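*Asks:* test case, fold it:
(chains A, B, C and D)
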2 protein chains.
Amino acid sequence: MGEVLQPVEEAVSDTIASRVVAALREEIVTLKLKPGDAISESDIAARYGISRQPAREAFIRLAQQGLLLIRPKRATVVKKISADGVRQSRFIRESIEVEIVRRVAGAHLPETKEALKAIIADQEAASEIEDVHGFHELDELFHRTLARLAGVEYAWQLVDDHKIQLDRVRYLTLGVASQKRAITEHKAIVAAVAAGDAAGAEAAMRAHLARAEVLLGQTIAEHPDYFEAEEDEPAEGETV
Amino acid sequence: MGEVLQPVEEAVSDTIASRVVAALREEIVTLKLKPGDAISESDIAARYGISRQPAREAFIRLAQQGLLLIRPKRATVVKKISADGVRQSRFIRESIEVEIVRRVAGAHLPETKEALKAIIADQEAASEIEDVHGFHELDELFHRTLARLAGVEYAWQLVDDHKIQLDRVRYLTLGVASQKRAITEHKAIVAAVAAGDAAGAEAAMRAHLARAEVLLGQTIAEHPDYFEAEEDEPAEGETV
DNA sequence: TGCCTCCATCTTCCATACAAGATTGAAGGC
DNA sequence: GCCTTCAATCTTGTATGGAAGATGGAGGCA
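*Replies:* The predicted structure follows:
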């Protein structure tokens, strides 16, 4: 299972700080807190009716997850999205998921085909009734299931942690039409995997993930203020 | 450069907590703090002559890195090494590094060959004078340089963060003879990359990384107490 | 008008005190 | 002798007060 090795999100139990982490994380991904927004320990403490200490610890954890930027003695801001960072997150994801489908294709497990097809069927149903949130969750389940079949569920955990960078971009581009294309691509992946065609599965997965590239350019054009300046130097002399 | 997106190690500047993180991290990797050892905030605070607060924040960060396990209201212990976690860290590393050498082989950059050959030459020198630490650092530089040439240095950052799990294992098996083999394998990688042979580079990289597998089994046999019980269930009902 | 200086006010960082759950071992009853 | 119970003493979690640095605007000066 999720077992062992930094679950990154929650390495600790049910505490005030943990709840604040979850709440802020949600606000950041859904852009209720926008990239560049400044928040302070006192703000958050007052807002949740707690003391500054748990708020501070939440900041630390979110900073490690790359969502906040703590500028010592100055302020803490919601990190702007880095185009290069998004590209490299995608690189990481593609590297790992390609390796995953290869493994699954080579393993010839009996339950593979049925498990994946069931998820796709649910996705089609969710798409019918325009359940955006449900569709999103099923998409996640599809990829996590592949990881499980490959025996590397923790590796997916990692991809998932970094996917949050991609998720903020995706939240800006809620393409409803793209759901049908995603389903088609999922089917192609399953077909190749079930046939034991590793090369075909790899190609299908790469095609599936390639879409994000165009979305990124499009999003930068529409919301340039949410992204970091694309210079070579870190712009400000901040601690990174 | 290192730019953006959770540098995971240090998302914050020069502070007491940061220094404690670095110090403890070092002690954990070098096994001065052994897997299973219990430490407390008060211990560390007293040891470094600071208050509990910075020590506590250091714990939080190290827990997120998967090096500590915080058991609320009970104790904080150095996390035992998980054999499955090590395997999956290796999986992650192989996935990403294979993709990297493919890219570099396909890019045909002029400086590639010289840069890598220079590092290998330094490694041979370090091996001659039995500079173990220097050799280790050059090995790291070799792989990081490949990532830089591929334009995904941040992705290497990620591998590096997870490599710490492998490093604890490696610290237990300081094979001097294996240095020569590592150098030979590095040369094979460079040869394939410089020739633009993506498939050959991939194969060479996989062969290079495969060695860790045998080391793991060997190490578990020698130091079973440093590893987690290999059951299916998390053994204790702890928060993971 | 334009520039420099200083101070009120913000921020994060650290120290300290207290609260509450978990553990351990000893004392008491059987 | 063995089991149960409970209390002293660990642990981490939270609250609060103060310190040091950074910021920005007001006010003085050329």
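*Asks:* which of the residues in stretch A:208-221 are buried?
*Replies:* Neighbour-count burial for stretch A:208-221, counted by 16 or more other CB atoms under 10 Å in any protein chain shown, picks out A:208-209, A:212, A:215-216, A:219-220. (Each C-beta comes from the backbone N, C-alpha and C, glycine too.)
*Asks:* what is the nearest of those residues to DNA strand D?
*Replies:* Distance to DNA strand D across these (CB to the nearest atom of the strand) is lowest for A:I220, with 25.9 Å.
*Asks:* the closest one - that's part of a helix, no?
*Replies:* Yes - using DSSP: H, G, I helix; E, B strand; the rest coil, the secondary structure at A:I220 is a helix.
*Asks:* the buried residues of stretch A:208-221 into TSV, with extra columns for secondary structure and pLDDT?
*Replies:* Shown next, in TSV, are those (DSSP: H, G, I helix; E, B strand; the rest coil; pLDDT from 0 to 100):
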residue	secondary structure	pLDDT
A:H208	helix	93
A:L209	helix	91
A:A212	helix	78
A:L215	helix	80
A:L216	helix	86
A:T219	helix	88
A:I220	helix	90
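*Asks:* from these, which is closest to chain B?
*Replies:* A:L209 (12.2 Å; CB to the nearest CB).
*Asks:* which ones are touching the nearest residue to the closest one once chain neighbours are set aside?
*Replies:* In this structure, A:L209 finds its nearest non-sequential neighbour in A:E94, 5.1 Å apart by CB to CB, 6 or more residues apart in numbering or on different chains. Shown in contact with A:E94 (CB atoms under 8 Å, 6 or more residues apart in numbering or on different chains): A:205-206, A:209, B:99.
*Asks:* top of those residues by neighbour count?
*Replies:* A:M205 (25 neighbours; other CB atoms under 10 Å in any protein chain shown).
*Asks:* show me the residue sitting in the middle of chain A in space.
*Replies:* A:K163 (2.1 Å; CA atoms, centre = their mean).
*Asks:* wasn't it part of a strand?
*Replies:* No - A:K163 sits outside any strand when classified using three-state DSSP, being helix.
*Asks:* how about the contacts made by it?
*Replies:* A:K163 touches A:89, A:93, counting by CB under 8 Å, 6+ apart.
*Asks:* what does chain A have sitting close to DNA strand D?
*Replies:* Contact residues (CB under 7 Å from any atom of the strand) of chain A with DNA strand D: A:12-13, A:15-17, A:50-54, A:57, A:72-74.
*Asks:* now, the residues you listed that are in helices?
*Replies:* A:16-17, A:52-54, A:57 (DSSP state H).
*Asks:* so which elements touch the strand or helix carrying A:G217?
*Replies:* Secondary structure assigned from DSSP states H and E places A:G217 in helix A:198-222. In terms of contacts (3 or more CB pairs under 8 Å, 6 or more residues apart in numbering or on different chains; DSSP states H and E), helix A:198-222 is packed against helix A:83-107, helix A:153-172, helix A:178-194.
*Asks:* can those go into TSV with extra columns for mean pLDDT?
*Replies:* Converted to TSV, these look like this (pLDDT from 0 to 100):
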stretch	mean pLDDT
helix A:83-107	94
helix A:153-172	86
helix A:178-194	93
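*Asks:* format these as CSV; extra columns: distance to B:D84.
*Replies:* Shown next, in CSV, are these (distance: least, CB to CB, whole Å):
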stretch, distance to B:D84
helix A:83-107, 15
helix A:153-172, 8
helix A:178-194, 23
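*Asks:* so for DNA strand C, which of the ones you listed sits nearest?
*Replies:* So among the helices and strands packed on helix A:198-222, helix A:153-172 is nearest, using CB to the nearest atom of the strand, at 20.8 Å.
*Asks:* give me the residue ranges of chain A where confidence is low.
*Replies:* Applying pLDDT under 70 to chain A flags residues A:1-13, A:174-177, A:230-240.
*Asks:* where does it come near DNA strand C, residue by residue?
*Replies:* Residues of chain A lying near DNA strand C (CB under 7 Å from any atom of the strand): A:39-43, A:52-53, A:56, A:59, A:70-76.
*Asks:* hmm, 10 Å instead?
*Replies:* A:13, A:38-46, A:51-53, A:55-56, A:59-60, A:63, A:68, A:70-77, A:239 (CB under 10 Å from any atom of the strand).
*Asks:* filter these down to the buried ones.
*Replies:* A:39, A:41, A:44-45, A:55-56, A:59-60, A:63, A:68, A:70, A:76-77, A:239.
*Asks:* contacts only, for the residue nearest to A:D197 when sequence neighbours are not counted.
*Replies:* Excluding its sequence neighbours, the residue lying closest to A:D197 (CB to CB, 6+ apart) is A:A105, at 6.1 Å. By CB under 8 Å, 6+ apart, the residues touching A:A105 are A:192-193, A:195-198, A:200-201.
*Asks:* domains for chain A, by residue range?
*Replies:* Domain ranges of chain A: A:16-78, A:83-223, per automatic domain parsing.
*Asks:* quick one: A:T76 is in a strand?
*Replies:* Yes - counting by three-state DSSP, A:T76 is located in a strand.
*Asks:* which strand residues bridge it?
*Replies:* A:I39, A:I70 (DSSP bridges).
*Asks:* check contacts around it.
*Replies:* A:38-41, A:59, A:63, A:68-70.
*Asks:* measure it to DNA strand D for me?
*Replies:* 12 Å (CB to the nearest atom of the strand, to the nearest Å).
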